[in-house]
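Enquirer: Can you look at this prediction? I've put the sequence above it.
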Amino acid sequence: MCLAVPALIKSIKGQQAVADIDGVTREISLQLTPEAKVGDYVLLHTGYAISIIDAEEAEETLKLLREVAEADN
């Protein structure tokens, strides 16, 4: 099973970006989504942005992931 998580692009330099994943900052690759821009949410899988998603979908997915994490405690 594969899991992709929403990430918010904060800055871009070439094909690399800095993204925020629910408060955690990571460097990611935009090689598969060169049209992505600062402020976009992307689905992140193994360090690669694999698609652009809208903010509403991203926030709902993050909310569900938080709920799962809390239920596990």
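Expert: Thanks, I have it.
Enquirer: List of residues touching the longest strand belonging to the chain?
Expert: Assignment by DSSP state E gives strand 5-13 as the longest strand of the chain. Contacts with strand 5-13, where a contact means Cβ atoms under 8 Å, 6 or more residues apart in numbering, come from 17-22, 25-26, 28, 30, 36-45, 49, 53, 57-59, 61-62, 65. Heads up, the C-betas are built off the backbone N, CA and C, glycines and all.
Enquirer: which residue ranges form the strands in the chain?
Expert: Counting by DSSP E, the strands of the chain are 5-13, 16-21, 24-29, 41-45, 48-53.
Enquirer: Out of those, flag the one nearest Ala69.
Expert: Proximity of the strands of the chain to Ala69 was assessed by Cβ to Cβ; the nearest stretch is strand 5-13, lying at 11.7 Å.
Enquirer: Lowest-scoring secondary structure element of this structure by mean pLDDT?
Expert: In the chain, no helix or strand scores lower on mean pLDDT, DSSP states H and E than helix 55-72, which sits at a mean of 91.
Enquirer: And that helix, what's buried?
Expert: Ala58, Thr61, Leu62 (16 or more other Cβ atoms under 10 Å).
Enquirer: and if you look at stretch 45-58?
Expert: By 16+ other Cβ under 10 Å, the buried positions in stretch 45-58 come out as Ala49, Ile53, Ala58.
Enquirer: Figure out how far it is from the centre of its chain.
Expert: For stretch 45-58, the separation from the chain centroid amounts to 5 Å (computed by Cα atoms, centre = their mean, to the nearest Å).
Enquirer: Can you give me the distance of the most centrally placed residue in the chain to Ile53?
Expert: The chain has Ala7 as the residue nearest its centroid, 1.9 Å off, counting by Cα atoms, centre = their mean. Using Cβ to Cβ, to the nearest Å, one obtains 10 Å as the distance from Ala7 to Ile53.
Enquirer: Done for today, thanks.
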